[in-house]
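Trainee: Fold the following.
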Amino acid sequence: MAAPGPGEYFSVGSHVSCLTCLDQRLQGEVVAFDYQSKMLTLKCASSSGKPNLSDVVLINLAYVSEVDIITDRTETPPPLASLNVSKLANRAKTEKEDKLSQAYAISAGVSVEGQQLFQTIHKTIKECKWQEKNIIVMDDVVISPPYQVDNCKGKEGSALSHVRKIVEKHFRDVESQKSMQRSQAQQTQKDSTLSS
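Mentor: As a prediction, this is how the structure comes out:
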């Protein structure tokens, strides 16, 4: 492959403006560019409007009709920020444990409601696990099928009380969501009947 010609290479730190084939104008700082695949990565102003955030956009230059270099960076870009490898390893380990827990629940024949409740509790209290079809929270509370508030057992105290509140709220939210879906379905049915 021939060396890139003028306008075919973008230096990290340069500011460019691109017009996509959909007539969308994208402007930002070059974060990365891969000549082989013609992929350009730009850091653009945040679409949320928050000044401390940025959007990162991947652009396939095969779908760009125009590229303008606003400012070209000729000096060496600053070194990349170092990664906290132990933090990444911990996050990967936690994600793997969560996925294995989900797989265990499915293989153990836990109901969908039980799996959803486990996920809800796990968002608040990380210390929960499966023991056959039972949910064990903080090694103090056991929730057995059908996973209702009455199925929460353990030593009376703040842990049991807190878990019961989470279970109660979970089922309230589920019921609220179901009633909203029913009313939307009824409205859709009513609208289709009126339009006939």
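Trainee: domain ranges for this structure?
Mentor: 14-71, 95-180 (the TED database).
Trainee: The longest one spans what distance, first to last residue?
Mentor: The reference is to domain 95-180. Length of domain 95-180, first residue to last, Cα to Cα, to the nearest Å: 32 Å.
Trainee: cool, and stretch 21-41?
Mentor: 17 Å.
Trainee: Can you mark which positions in it are buried?
Mentor: Within stretch 21-41, the residues that count as buried by 16 or more other Cβ atoms under 10 Å are 26, 28-31, 33, 40-41. For the C-beta atoms, the positions are set from N, CA and C on the backbone; glycine is no exception.
Trainee: next one: stretch 171-182
Mentor: Buried residues in stretch 171-182, defined by neighbour count with 16+ other Cβ under 10 Å: residue 171.
Trainee: and that stretch, average pLDDT?
Mentor: Model confidence over stretch 171-182, given as mean pLDDT, is 90.
Trainee: can you check stretch 85-92 too?
Mentor: 93.
Trainee: cool, stretch 126-146 as well?
Mentor: Averaged across stretch 126-146, the pLDDT comes to 93.
Trainee: ok, and what's touching it?
Mentor: For stretch 126-146, contacts defined as Cβ atoms under 8 Å, 6 or more residues apart in numbering pick out 101, 104-105, 108-111, 113-114, 117-118, 121-122, 125, 147, 151-155, 157, 159-160, 163, 167.
Trainee: chain center to it, what's the gap?
Mentor: Chain-centre distance of stretch 126-146: 26 Å, with Cα atoms, centre = their mean, to the nearest Å.
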